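Chemist: Here is a sequence with its predicted model. Questions after.
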Amino acid sequence: MSERVLYVENATMQFGGVVAVDNLNLEVYEGEIVALIGPNGAGKTTAFNVITGVYAPTNGRVEFCGRTIVRNHPQGKMRKTYAGMNPELYTGEYKLEPLSGESDEALESRRALERQRDVDAFTGRVLSPTPDQVTALGMARTFQNIRLWKSQSVFTNVLIGTHLRRTSNLFSATFRLNQKEERAQREKVEHLLDIVGLSDVKDELATSLPYGRQRRLEIARALATEPKLLLLDEPAAGMNPQETDELTEFIGRVRKEFHMTILLIEHHMDLVMDISERIYVLDFGKLIAQGTPAEIQNDQRVIDAYLGVSEDA
Ligand SMILES: Nc1ncnc2c1ncn2[C@@H]1O[C@H](COP(=O)(O)OP(=O)(O)OP(=O)(O)O)[C@@H](O)[C@H]1O
């Protein structure tokens, strides 16, 4: 069985009264393309933000390549409901069997003690890496709205990606380089641009590229950080059907050429159904289904909540 690259366990993210992500469990295995879909506002981007360290989750844990990188904040707002790794301790699901002759009060205090132990197990061990640290660990991400270095060339945009991998500090990424390393990185960028089909425009300004190629450049820059996991947030947003088809082919090629594992958010169902091995469906923050494209397409709950409406809704 291939390695589990990403494991999101009981992740909850609450903003005031809005539970944007509600007890999400999600796994991605090495070499897979997995999609996270759902209606607008379902919590998909928030889930990405929890995974990549933008938000410290109200509860839950993110494991990356076998290592816990994000963990809940026991002092978070939902402490009473969710603190610790065992949310069932705080819900009606938790049944603690009475010991023989144990009074109700004794049972209740034992239950309280177990909860406290669960919380204590985390106090002082709260993890919450910065997005830069997450990049250095081997996760790279693209965003719904393209975020390129506008006044830099295509080449430089990708070069900055290679630097982020090494230093996780933008200042030193830009200025602190020895010449040998610089040369090796430049060769790497040339090679990468070749594979993604952007060599012919490497000296042009990033923003002078047509939209579809800017998207490719963003993915190339993410790849330059040498990720183990690539997270793509709506890579086909704003694309016409032909551009979407080209991007679908491109993402498949990226997986093959770089042996990449990919988690993507997308509203274009043709793309999702074409390239994903597995799909998770969110609605109002909750996971309502998971399965293969065929299973998801035939899931009545998903059809009612999402697939029944237009693709670009
Ligand atoms: N920083 C924030 N502060 C408060 N509420 C937020 C914040 N970020 C997201 N939300 C809310 O959380 C919910 C989920 O939003 P999110 O952007 O994650 O959904 P989404 O599934 O990515 O939607 P879309 O498909 O439109 O991008 C929404 O109700 C949104 O308004």
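Modeler: That came through, no problem.
Chemist: which residues sit in contact with the spatially most central residue of the chain?
Modeler: Nearest residue to the geometric centre of the chain (Cα atoms, centre = their mean): F48, 3.8 Å. Applying Cβ atoms under 8 Å, 6 or more residues apart in numbering, one finds that F48 lies in contact with 36, 54, 141, 231, 233, 265. In short, each C-beta sits where N, CA and C put it, glycine included.
Chemist: Double-check the fourth one against A140; I have them as touching.
Modeler: If I follow you right, that is L231. Yes: with the criterion set as Cβ atoms under 8 Å, L231 and A140 qualify as a contacting pair; they are 7.1 Å apart.
Chemist: Could you tell me what pLDDT the model assigned to T261?
Modeler: T261 is assigned a pLDDT of 97 by the prediction.
Chemist: burial of it, as a residue count?
Modeler: By the other Cβ atoms under 10 Å criterion, the neighbourhood of T261 contains 24 residues.
Chemist: and it, how far is that from Q242?
Modeler: As judged by Cβ to Cβ, to the nearest Å, T261 and Q242 stand 27 Å apart.
Chemist: Report the buried residues of stretch 197-209.
Modeler: Using 16 or more other Cβ atoms under 10 Å as the burial criterion, the residues of stretch 197-209 that qualify are 198, 201-202, 205-206, 209.
Chemist: what's the answer for stretch 279-298, then?
Modeler: The neighbour-count check on stretch 279-298 (16+ other Cβ under 10 Å) flags 279-283, 285, 287-290, 293, 296 as buried.
Chemist: State the pair within those that is farthest apart.
Modeler: Spatial extent of these (Cβ to Cβ) is set by the pair G285 and P293 at 22.8 Å.
Chemist: what's the weakest-modelled helix or strand in the chain?
Modeler: One helix or strand of the chain scores below all others by mean pLDDT, DSSP states H and E: helix 79-82, with a mean of 38.
Chemist: quick one, strands of the stretch 151-300 of the chain?
Modeler: Under the criterion DSSP state E, counting those that start in this stretch, the stretch 151-300 of the chain carries strands at the ranges 229-233, 261-265, 278-283, 286-291.
Chemist: Dump the ones you listed into CSV; add distance to the ligand as well.
Modeler: Shown next, in CSV, are the strands of the stretch 151-300 of the chain (distance: least, Cβ to the nearest ligand atom, whole Å):
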stretch, distance to the ligand
strand 229-233, 8
strand 261-265, 7
strand 278-283, 6
strand 286-291, 12
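Chemist: Out of those strands, which is closest to G17?
Modeler: It is, among the strands of the stretch 151-300 of the chain and with distance given as Cβ to Cβ, strand 286-291, at 15.8 Å.
Chemist: Buried ones among the contacts of F48?
Modeler: Going by neighbour count (16+ other Cβ under 10 Å), these have 36, 141, 231, 233, 265 buried.
Chemist: least confident pick among those?
Modeler: Of all the buried ones among the contacts of F48, R141 has the smallest pLDDT value, namely 91.
Chemist: pLDDT below threshold where in the stretch 51-200 of the chain?
Modeler: Under the criterion of pLDDT under 70, the regions of the stretch 51-200 of the chain flagged as low confidence span 71-95, 115-129, 164-178.
Chemist: contacting residues for the residue in it positioned nearest to the ligand?
Modeler: Proximity to the ligand, evaluated over the stretch 51-200 of the chain using Cβ to the nearest ligand atom, is greatest for Q144 at 6.2 Å. For Q144, the contacting residues are 45, 233-234, 237, by Cβ under 8 Å, 6+ apart.
Chemist: now these in JSON lines, with distance to R4?
Modeler: Output for the contacts of Q144, formatted as JSON lines (distance: Cβ to Cβ, whole Å):
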{"residue": "T45", "distance to R4": "23"}
{"residue": "D233", "distance to R4": "22"}
{"residue": "E234", "distance to R4": "25"}
{"residue": "A237", "distance to R4": "29"}
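Chemist: And these, which is closest to the ligand?
Modeler: Looking across the contacts of Q144 and measuring by Cβ to the nearest ligand atom, the closest to the ligand is T45, at 3.3 Å.
Chemist: Without its sequence neighbours, what residue ends up closest to that closest one?
Modeler: In space, and not counting its chain neighbours, T45 is closest to D233: 6.0 Å by Cβ to Cβ, 6 or more residues apart in numbering.
Chemist: how much space between that neighbour and F48?
Modeler: For D233, the distance to F48 - Cβ to Cβ - is 6 Å.
Chemist: Could you chop the protein up by domain?
Modeler: Residue ranges for the domains of the chain, per automatic domain parsing: 4-85+121-138+227-307, 147-226.
Chemist: Pick the most deeply packed of those domains.
Modeler: domain 4-85+121-138+227-307 (a mean of 19; mean count of other Cβ atoms under 10 Å).
Chemist: what's the offset of that domain from the middle of its chain?
Modeler: Per Cα atoms, centre = their mean, to the nearest Å, the displacement of domain 4-85+121-138+227-307 from the mean C-alpha position of its chain is 5 Å.
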